[in-house]
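Engineer: this is the structure alone, sequence omitted:
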């Protein structure tokens, strides 16, 4: 094979791989999701259009689910009102929607304890790593503080929820 032909083939392959933005998610054409509500106690997440429930999901939470997240590593899922502020199609979990935790009050409280509030709280699918996926399948609340759903469900949520959507996490 000629060096020039080989080089062009490698460049085309790398270029195509670099253009990919993640999974091919089908479009959602229904009513807009205006808010998300998570009831931690019942392990339920609701996607709402105003007051109408559009979709409902069972969720997994942090490994210490009771109470509001206060410091990094406590295993709790936050409580309060935040926003969906980012998306990551290439996280260590299958798709992830970022939650704007910590807010100013969360940071101030953690600071008063001499600790970090933590961060990187997401709604996400299953772990991409096979061993982590097997471990997660053994218990409902397995995350470090995130909200977990199935891969099929996060695809649906990803397509329905826009950045900026309000999310309220209740005890």
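Structural biologist: Received, thanks. Owing to the predicted nature of the structure, the values given are computational and were not obtained by experimental measurement. Numbering: from 1, shown residues only.
Engineer: okay, helices next: where are they in this structure?
Structural biologist: Secondary structure of the chain by DSSP state H: the helices cover 3-19, 104-112, 130-137, 151-160.
Engineer: mean pLDDT lowest where, among those?
Structural biologist: For the helices of the chain, the weakest mean pLDDT is recorded on helix 3-19, namely a mean of 43.
Engineer: list the residues that contact the residue nearest the centre of the chain.
Structural biologist: The residue lying closest to the centre of the chain (CA atoms, centre = their mean) is residue 123, at 2.3 Å. By CB atoms under 8 Å, 6 or more residues apart in numbering, residue 123 lies in contact with 36, 45, 84, 96, 97, 99, 146, 147, 148, 149, 154, 157. Glycine gets a C-beta too; all of them are placed from N, C-alpha and C.
Engineer: what about 7 Å?
Structural biologist: Listed by CB atoms under 7 Å, 6 or more residues apart in numbering, the contact set of residue 123 reads 96, 97, 146, 147, 149, 157.
Engineer: give me the number of residues near the residue nearest to residue 85 when sequence neighbours are not counted?
Structural biologist: Using CB to CB, 6 or more residues apart in numbering and skipping residues adjacent in sequence, the residue nearest residue 85 is residue 100, 4.4 Å away. Residue 100 has 18 neighbours, counted by other CB atoms under 10 Å.
Engineer: was I right about residue 100 contacting residue 81?
Structural biologist: No - if you go by CB atoms under 7 Å, residue 100 and residue 81 don't touch, sitting 9.4 Å apart.
Engineer: what is the least confident helix or strand in this structure?
Structural biologist: In the chain, no helix or strand scores lower on mean pLDDT, DSSP states H and E than helix 3-19, which sits at a mean of 43.
Engineer: quick one: stretch 94-113 to chain centroid distance?
Structural biologist: The chain centre lies 14 Å from the centre of stretch 94-113; the measure is CA atoms, centre = their mean, to the nearest Å.
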